[in-house]
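Colleague: Sequence plus the predicted model coming up.
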Amino acid sequence: MSQRRRVARAAFSATAATACLALATPAWASSTIGLKSAHHGKKAGYFTQQCDDERFANLPDDHDGWHFVLPGKNSGSFETLTLTFSDGTNDVTVNIPDGTDAYPDSFYSTGGKDPRQIHAYLFTPAGWKLVDGSATISGTGDDFNVSHTCKGTVPKPTPTPTPTPSVSESPEPSESPSASESPEPSESPSASESPSTSESPTPSDSASPTTSPSGGTGGGSDLPLTGVAVTGMALTGVALIGGGVALMTLRRRRDRITFTG
């Protein structure tokens, strides 16, 4: 009887050990796989577009939605995902799950009796390129791949306002006081104020009566040729000459009267 009990105990122990090993097998089978090679270096627009996916309901217009899937019955579930994107200038590494970065992500299970976490979603700025990726899974597999995406709209670059000030700020051409303020050409008093040319008493003196009474007593030689009152003095001289002529005429008349008498 004791021998049967020993055999029963040994059988129970073996069964328990086998069960423990079976339960521990998934943990031992964790492995790392890579992204499908055909999906390297591709943008969201390359893949099948399925924007009606309910997981993309909150996807912003300027973001791309990515759905990654883990195929194969023995692959188990996603544990972690590490993805590398290019934003056009630099490479950006995104981890799933990671609630501390600016890229929303999540895992989703298949549900049912034997749920497996084989779906992964990620939102990135529109236009990013998927460079590479790796995943840690609870089972074994060859690779994981992109199931479908929802391409966002890349925002157009806004024009920089720097050129506009350089064009509008043109005070030097617009401020042309030097051209409009032309007091020097407009101030032409030197040309309009030509008293030296308009005051031409010297030419009029050449036609003065000093030349006509050439047979006089020579009183015309006393006329000054310089000064500003030349005209007045000329008239005075003419008057004196006329007076002298009148006196000589009267004298001759008197002489004639005396001679004949």
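Modeller: Happy to help now that I have it.

Colleague: As a check, name the ranges of all strands in the stretch 101-250 of the chain.
Modeller: For the stretch 101-250 of the chain, strands defined by DSSP state E, counting those that start in this stretch occupy the ranges 105-108, 119-125, 129-137, 143-150.

Colleague: closest to residue 68 out of these?
Modeller: Closest to residue 68 of these, according to CB to CB: strand 119-125, at 4.2 Å. Heads up, the C-betas are built off the backbone N, CA and C, glycines and all.

Colleague: In terms of secondary structure, what does that closest one contact?
Modeller: Under the contact criterion of 3 or more CB pairs under 8 Å, 6 or more residues apart in numbering; DSSP states H and E, strand 119-125 touches strand 63-69, strand 78-86, strand 91-96, strand 105-108.

Colleague: Mean pLDDT, distance to residue 61 and mean neighbour count added to the strands of the stretch 101-250 of the chain, as TSV?
Modeller: Converted to TSV, the strands of the stretch 101-250 of the chain look like this (pLDDT from 0 to 100; distance: least, CB to CB, whole Å; neighbours: other CB atoms under 10 Å):
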stretch	mean pLDDT	distance to residue 61	mean neighbour count
strand 105-108	96	19	16
strand 119-125	98	11	21
strand 129-137	98	19	20
strand 143-150	98	10	20
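
Colleague: show me the contacts for residue 40.
Modeller: Residues in contact with residue 40 (CB atoms under 8 Å, 6 or more residues apart in numbering) are 130, 131, 132.

Colleague: if I look at it, how far off is residue 131?
Modeller: In this structure, residue 40 and residue 131 are 7 Å apart, going by CB to CB, to the nearest Å.

Colleague: tell me the SS of residue 38?
Modeller: Secondary structure for residue 38, judged by DSSP: H, G, I helix; E, B strand; the rest coil, is helix.

Colleague: That one: neighbouring residues, count only.
Modeller: Using other CB atoms under 10 Å, residue 38 is surrounded by 11 other residues.

Colleague: Let me know which of the strands of the stretch 101-250 of the chain is the nearest to residue 57.
Modeller: Comparison of those against residue 57 by CB to CB identifies strand 143-150 as nearest, at 10.2 Å.

Colleague: Run through who's touching the closest one.
Modeller: Counting by CB under 8 Å, 6+ apart, 33-37, 39, 42, 44-45, 47-51, 53, 56, 59, 64-71, 78, 81, 119, 130, 133, 135, 137 sit against strand 143-150.

Colleague: And stretch 60-68, by the same measure?
Modeller: With CB under 8 Å, 6+ apart as the criterion, stretch 60-68 contacts 43-44, 50-51, 53, 55-56, 59, 78, 81, 119-128, 130, 133, 135, 144-155.

Colleague: Dump the C-alpha coordinates for it into CSV.
Modeller: Extracted C-alpha coordinates of stretch 60-68, given in CSV (Å, rounded to 0.1, in the frame of the first residue of the first chain):
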residue,chain,number,x,y,z
PRO,A,60,-5.2,65.1,-36.2
ASP,A,61,-5.3,66.2,-39.8
ASP,A,62,-1.6,67.0,-39.8
HIS,A,63,-0.6,63.5,-38.4
ASP,A,64,-0.1,60.1,-40.0
GLY,A,65,-1.8,57.1,-38.4
TRP,A,66,0.2,53.8,-38.3
HIS,A,67,-1.2,50.3,-37.6
PHE,A,68,1.4,47.6,-37.0
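
Colleague: and it, which residues are buried?
Modeller: Going by neighbour count (16 or more other CB atoms under 10 Å), the buried part of stretch 60-68 is 63, 64, 65, 66, 67, 68.

Colleague: gap between the third one and residue 50?
Modeller: What that stands for is residue 65. Distance from residue 65 to residue 50, by CB to CB: 9 Å.

Colleague: what is in contact with the two at once?
Modeller: Going by CB under 8 Å, 6+ apart, residues that sit against residue 65 and also against residue 50 are 56, 149, 150.

Colleague: Pick the one among those closest to residue 94.
Modeller: residue 149 (14.6 Å).

Colleague: Name the residues linked to that closest one by a beta bridge.
Modeller: Taking DSSP bridges as the rule, residue 149 bridges to residue 49, residue 66.

Colleague: Please tell me how far residue 63 sits from residue 117.
Modeller: Distance from residue 63 to residue 117, by CB to CB: 23 Å.
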